[in-house]
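# I'd like to go over a predicted model; first the sequence, then the structure.
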Amino acid sequence: MPATVLDFADARLPETAPRTEGVLLDGVSRTFPTARGSREVLRGVDLDVRHGEIVAIVGPSGCGKSTLLRMLGGLDAPTSGSIRVGGAPVTDTDARTAVAFQEPRLLAWRTLAQNVQLGLPRSTRGGNKREGGERVRQLLELVGLSHAADQKPREVSGGMAQRASLARALARNPEVLLLDEPFGALDALTRLRMQDLLLDIHAAQPTTVILVTHDVEEALFLADRVLLLRSLDTTPNTDASVGSIARTIVVPGDRPRDRADHALTELRAELLQGLGVDTHHHHNHSEETR
């Protein structure tokens, strides 16, 4: 039977340096030029994420979630405000952050080990092959893929490919791991297993994690805090809107949490209502009491 990540919970990877600061956003706004003029997507986002914290961002399409994640990774820059990682500003594509996307985005002609190797710092990837090879071995062990190191992406399942994608993102030992709907393309059962995997990885290699997801239950299961981003109408009778943090929810209890916890069920209903989704909670309750 193939080994799983649970068998390697003690495979802690070495930290490159002490880390005491997380992520700080101060008055971050983003405006894009359009044919009709400027369009403001985000306005006045303030956020302080502690080192090692997991923060989930939920919100409807178009509220600026992916834009915010891109700015955190240095792939885009705020129009105003500042972003700091580990106490230093983010001004360009930032090696202190790593991103895992909804699709694994592995190179089909390379093995899983070679794909993970691509995430290593260039100095390790080229100059010290022994050190780089050991790092890749540790990462594959961490995500339970040691047995599949020499397989190509087409030879493994979607969940295994996504595990390799996470290992690649962790290869440079980033200060911040940015996850953009990383499990959205997986089936329901594999998605639950990947959520457990992420928590095991976080326990073995604590790093700051900022997760964008449309799955409210996933956010509540994984995160210390959940941020509800919402597009607020700014001009009457137009489609103009701007995203901002409408609410921050501190999730009670230690990870891993009980998915059936009543407290999480109540928070789920509150978040769905905040997203404008009718939970039918009151209707069902009335039916039961008749």
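Structure received. Numbering: from 1, shown residues only.
# Tell me, what's the model's pLDDT at L275?
For L275, the model assigns a pLDDT of 82.
# Next, count neighbours for the residue lying closest to it once chain neighbours are set aside.
Using Cβ to Cβ, 6 or more residues apart in numbering and skipping residues adjacent in sequence, the residue nearest L275 is P60, 6.1 Å away. In this view, the C-beta of every residue, glycine as well, is placed from N, C-alpha and C. Residues contacting P60 under the criterion other Cβ atoms under 10 Å number 16.
# How much space separates P60 from S146?
Summarising the geometry, the distance separating P60 from S146, computed by Cβ to Cβ, to the nearest Å, is 40 Å.
# And V226, by the same measure?
V226 sits 34 Å away from S146, going by Cβ to Cβ.
# ok, the two, which is more surrounded?
Set side by side, V226 and S146 show unequal neighbour counts under other Cβ under 10 Å, the larger going to V226 at 25 against 18.
# Just list the residues touching the more buried one, thanks.
V55, A56, I57, V58, A219, L220, T248, I249, V251, L267, L271 (Cβ atoms under 8 Å, 6 or more residues apart in numbering).
# Show me what the helix or strand hosting the last one is packed against.
Spelled out, that is L271. L271 is part of helix 262-274 when elements are defined by DSSP states H and E. If you count contacts as 3 or more Cβ pairs under 8 Å, 6 or more residues apart in numbering; DSSP states H and E, helix 262-274 packs onto helix 216-222, strand 225-233, strand 241-250.
# Put together TSV for the ones you listed, with distance to P78 and mean pLDDT on each row.
Compiled in TSV, the helices and strands packed on helix 262-274 are given as follows (distance: least, Cβ to Cβ, whole Å; pLDDT from 0 to 100):
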stretch	distance to P78	mean pLDDT
helix 216-222	24	93
strand 225-233	15	80
strand 241-250	13	81
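# in this protein, which helix or strand is least confident?
Evaluated with mean pLDDT, DSSP states H and E, the helix-and-strand set of the chain has its lowest mean pLDDT in helix 281-288, which scores a mean of 52.
# hang on, the earlier thing: which one of the helices and strands packed on helix 262-274 is the most hemmed in?
Mean neighbour counts were taken over the helices and strands packed on helix 262-274 using mean count of other Cβ atoms under 10 Å, and the top value, a mean of 23, falls to helix 216-222.
# Restricting to C-alpha, output that helix in PDB.
Taking Å, rounded to 0.1, in the frame of the first residue of the first chain, the C-alpha atoms of helix 216-222 are listed here in PDB:
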ATOM      1  CA  VAL A 216     -16.900  28.000   2.600                       C
ATOM      2  CA  GLU A 217     -16.600  24.700   4.400                       C
ATOM      3  CA  GLU A 218     -13.000  24.300   3.100                       C
ATOM      4  CA  ALA A 219     -12.200  27.800   4.400                       C
ATOM      5  CA  LEU A 220     -13.700  27.100   7.900                       C
ATOM      6  CA  PHE A 221     -11.900  23.700   8.100                       C
ATOM      7  CA  LEU A 222      -8.500  25.000   7.200                       C
END
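# Can you check the pLDDT for the residue nearest to R168 when sequence neighbours are not counted?
What sits nearest to R168 in space, not counting adjacent residues and going by Cβ to Cβ, 6+ apart, is G119, at 3.8 Å. pLDDT, the model's per-residue confidence, is 90 for G119.
# gap between G119 and L178?
Between G119 and L178 the computed distance is 13 Å (Cβ to Cβ).
# before we move on, what about F32?
Distance from F32 to L178, by Cβ to Cβ: 20 Å.
# now A113
Going from A113 to L178 by Cβ to Cβ gives 23 Å.
# Which of those two has more residues huddled nearby?
When A113 and L178 are compared for neighbours, L178 comes out ahead with 24 against 20, by other Cβ under 10 Å.
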